[in-house]
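1. the sequence isn't on hand, but the structure is:
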């Protein structure tokens, strides 16, 4: 009888762990889907604007109209084939910026969902809300990877009334510490314009 009860308890723990793993997988999939939607929406906006008689520039081409971010010294812009994405690089360090339209009503729901998903992600060592006038921002810092050659990243997510901006700061784990001052400077310099 006791052995059956122990097996039942073990089965419950196994099912609970399996449910937790599935939940984490679903949250990660949701975040990936959100990123794909951002890229697709930006590409769609680019095609729409190209078709119109009044050729309007995309939000990224007019980035200085709604946000500012100081690009760290030594980082140079690199060409990216996808509209809505900007990239800067210095040695092994990279900064990617993606701008997209929001297809959900702005507010706390999306921000809370992103924050909760990030807080449950065991690969992150820190999840912090930042004060940015005109929007909500979340900074997610990955833990140091076991493999020093693997990329480590910080992600800055900003949600405004109409846009979502994702900025990834990355470098191999072995080099990441040398980029921290530059990445912190860029994060701290990010501002939305009125």
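-> On my side now, so go ahead. Keep in mind the model is a prediction, meaning the values are calculated, not measured.
2. mean confidence score for stretch 129-147?
-> Stretch 129-147 carries an average pLDDT of 91.
3. now do that stretch: distance from first to last residue.
-> Its start and end residues considered, stretch 129-147 measures 28 Å (CA to CA, to the nearest Å).
4. mind listing what's buried in it?
-> Residues of stretch 129-147 classed as buried: 132, 135-142, 145 (neighbour count, 16 or more other CB atoms under 10 Å). Bear in mind the C-beta positions are built from the backbone N, C-alpha and C, glycine included.
5. and these, which of them are in strands?
-> 132, 135-142 (DSSP state E).
6. what is the nearest of the residues you listed to residue 94?
-> residue 142 (14.0 Å; CB to CB).
7. the closest one bridge partners, please.
-> Counting by DSSP bridges, residue 142 forms beta bridges with residue 124.
8. give the contact list for it.
-> Residue 142 makes contact with 123-125, 152-154, according to CB atoms under 8 Å, 6 or more residues apart in numbering.
9. which pair of the buried residues of stretch 129-147 spans the longest distance?
-> Spanning the widest gap among the buried residues of stretch 129-147 are 135 and 145, at 30.0 Å by CB to CB.
10. hang on, the earlier thing: whichever of the contacts of residue 142 end up buried, select them in ChimeraX.
-> To isolate the buried members of these in ChimeraX, using 16+ other CB under 10 Å:
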select :124,152,153,154
